[in-house]
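**Q** got a predicted model here, sequence first, then my questions.
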Amino acid sequence: MEMFTIINLSGWWPVINFSYSERQKMEIRIKCPHCGSGSVKSSRAVYEQGTSKTRSVSFTGWISNRGSGGSRRQGKSTRQSVAASRNAPAGGKMEVLTFVGSFLLSAWLILNIPATTVTGSAVAGLIIALLITALVAHLNRHNRRRARENYNRQWYCSKCGDTFIK
């Protein structure tokens, strides 16, 4: 029994025809473990569909009896639905907090050393903060990989709002 047929259209991309029973077998049937609803989507799809980024540029010009002029404005904005914000991938919050905390602490400690300038303290604090942040990022790489793998397997129920890993 042939499961599918490949039709070659001489130079076009091949077309694959599945029989009805094979198409049924390929469908993924996932139900929400919380409410039993079949109305689920992958978290990645919910995030991508519910997030829109726009960039705008506007020009304004004027002419008066005192002369003429103009201005140019540009901006970026991100709009996101509640479902998309709940299904956002995990970010690098730990590294950001580590960098800020270690920079402030090390710059303050170095500034308390006699004959140290504010600029020298800031530069030394920046170098120390970068080293500490690189160390934390290196030590946390397994947790980030595991979080990314879990996110790729995460699903969202549009009926009850539950997220679950399948």
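**A** The structure has been received and is ready for your questions. Numbering: from 1, shown residues only.

**Q** and the top helix by length along the chain, what does it pack onto?
**A** Counting by DSSP state H, the longest helix found in the chain is helix 118-139. When contacts are defined as 3 or more C-beta pairs under 8 Å, 6 or more residues apart in numbering; DSSP states H and E, helix 118-139 packs onto helix 93-111. Bear in mind the C-beta positions are built from the backbone N, C-alpha and C, glycine included.

**Q** so for the helix it packs on, mean pLDDT?
**A** Averaged over helix 93-111, pLDDT sits at 91.

**Q** would you mind listing the buried residues in it?
**A** The neighbour-count criterion (16 or more other C-beta atoms under 10 Å) identifies 95, 98-99, 102-103, 106-107, 110 as the buried residues of helix 93-111.

**Q** show me the contacts for A137.
**A** Going by C-beta atoms under 8 Å, 6 or more residues apart in numbering, A137 touches 92, 95.

**Q** tell me how far it lies from N152.
**A** According to C-beta to C-beta, to the nearest Å, A137 and N152 sit 21 Å apart.

**Q** same check on F99?
**A** From F99 to N152 the distance is 27 Å (C-beta to C-beta).

**Q** what about the residue nearest the centre of the chain, which SS state?
**A** Closest to where the C-alpha atoms of the chain average out (C-alpha atoms, centre = their mean) is P89, at 5.1 Å. Following DSSP: H, G, I helix; E, B strand; the rest coil, P89 is assigned to coil.

**Q** check the offset of stretch 44-57 from the chain's centre.
**A** On the basis of C-alpha atoms, centre = their mean, to the nearest Å, stretch 44-57 sits 11 Å off its chain's mean C-alpha point.

**Q** give me the distance between the two termini of it.
**A** Chord length of stretch 44-57, first to last residue, is 30 Å (C-alpha to C-alpha, to the nearest Å).

**Q** so for that stretch, what gets flagged as buried?
**A** For stretch 44-57, the neighbour count (16+ other C-beta under 10 Å) marks 44, 46-47, 50 as buried.

**Q** quick one: secondary structure of K76?
**A** strand.

**Q** and the contacts of the strand or helix carrying T54?
**A** Using DSSP states H and E, the element containing T54 is strand 51-64. Strand 51-64 is contacted by residues 68-81, 84 when judged by C-beta under 8 Å, 6+ apart.

**Q** who are the contact partners of the closest residue in space to S158 that isn't next to it in sequence?
**A** Among residues not flanking S158 along the chain, S39 sits closest, at 5.0 Å (C-beta to C-beta, 6 or more residues apart in numbering). Contact partners of S39, counting by C-beta under 8 Å, 6+ apart, are 32, 157-159.
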